[in-house]
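Undergrad: coords below, sequence missing:
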């Protein structure tokens, strides 16, 4: 029996998918649970269309979940920072117009003012990037619990609040693993 192996890497998320299959058997491994959920859905749909019986099992690994969140963390922090800078720019520009000397401002605010055009340009190029990353994490949350046989869609508002207001890597991982805390 010939075994075929494929290895894929996501350019955006830097996650991996390993596909090994031979006649009658396939093994899929990924550090992105949503990737596995999409694969499971595709395999199930195809098997149903062909009226073929398949047995699908899933071994979830909380370390893999934490690893995925660590991969997302720098991207989230960058986009959160960009979004926060955008929120400050207008107020800082108004202060700059009212005051001749802005040296009294915090050095971080002076940096935001001096790079305002670049921040605005970058934000315009990717205005929905933060929402896209949040969507990936919502899908991860739902898929992680779907594999465990739990529906957590009613907890999405809490996840959104965490992502927008109280984000930290540890809080995110803990919430995804145990949203009932």
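TA: Everything's here; your move. In this text, all values refer to a predicted model and were calculated from it rather than measured experimentally.

Undergrad: so what secondary structure elements neighbour the lowest-mean-pLDDT helix or strand in the chain?
TA: Ranked by mean pLDDT, DSSP states H and E, the weakest helix or strand in the chain is helix 116-125, scoring a mean of 88. Applying 3 or more Cβ pairs under 8 Å, 6 or more residues apart in numbering; DSSP states H and E, we find helix 116-125 packed against helix 62-98. Every C-beta, even on glycine, is put in place using the N, C-alpha and C of the backbone.

Undergrad: Residues contacting the following helix or strand past the helix it packs on, please?
TA: Next along the chain after helix 62-98, taking DSSP states H and E as the criterion, comes helix 107-114. Helix 107-114 has contacts (Cβ atoms under 8 Å, 6 or more residues apart in numbering) with 85, 88-89, 92-93, 96, 102-103, 105, 119.

Undergrad: repeat that for 7 Å
TA: For helix 107-114, contacts defined as Cβ atoms under 7 Å, 6 or more residues apart in numbering pick out 85, 88-89, 92, 96, 102, 119.

Undergrad: quick one, the least confident helix or strand of the chain and helix 107-114 angle?
TA: 70 degrees (axes from the mean of the first three to the mean of the last three Cα atoms, to 10 degrees).

Undergrad: Could I get the buried residue list for helix 116-125?
TA: 116, 119, 122-123 (16 or more other Cβ atoms under 10 Å).

Undergrad: how distant is the helix or strand that contains residue 39 from the center of its chain?
TA: Taking DSSP H and E as the criterion, residue 39 maps to helix 33-49. Distance of helix 33-49 from its chain centroid, counting by Cα atoms, centre = their mean, to the nearest Å, is 20 Å.

Undergrad: With stretch 48-63 instead?
TA: The answer for stretch 48-63 is 24 Å, by Cα atoms, centre = their mean.

Undergrad: how long is it end to end?
TA: End-to-end distance of stretch 48-63 (Cα to Cα, to the nearest Å): 32 Å.
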